[in-house]
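Engineer: Okay, here's the prediction I keep looking at, along with the sequence it came from:
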Amino acid sequence: MKTTLLAIALAFTAGAALANSCPMDMKAIDAKLAMNPKLSEADAAKVKKLRADGEAAHKAGKHDESVKLLGEAKKMLGA
């Protein structure tokens, strides 16, 4: 019983940690975009779409998806 409760508590903690990282990732992406990085128009558009989709996923409570999308945008920016 204790093991089950511990597993549930850890699952909720991990979810909360992911939820809190999304706004920080969005701010990091916005800061990099504000510096006018050297990206092709297509790549810049893709980064902006990934950032917008990541924010939408975050607001919808889909934090795993949000972290994935925002991470891809940050990778493209070299962040």
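Structural biologist: Noted; the coordinates are in hand. Numbers count the residues shown, from 1 in each chain.

Engineer: Distance of the closest residue in space to residue 72 that isn't next to it in sequence relative to residue 79?
Structural biologist: Excluding the flanking residues, the one nearest residue 72 by CB to CB, 6 or more residues apart in numbering is residue 50, at 5.4 Å. For every residue, glycine as well, the C-beta is placed using N, CA and C. In this view, residue 50 and residue 79 are 12 Å apart by CB to CB, to the nearest Å.

Engineer: Touching stretch 45-60 from outside, list them.
Structural biologist: 19, 22-23, 25-26, 29-30, 33, 39, 63, 65-67, 69-70, 72-73, 76-77 (CB atoms under 8 Å, 6 or more residues apart in numbering).

Engineer: Can you classify residue 37 as helix, strand or coil?
Structural biologist: Assigned by DSSP: H, G, I helix; E, B strand; the rest coil, the conformation of residue 37 is coil.

Engineer: now do residue 69
Structural biologist: Quick answer, by three-state DSSP: residue 69 is helix.
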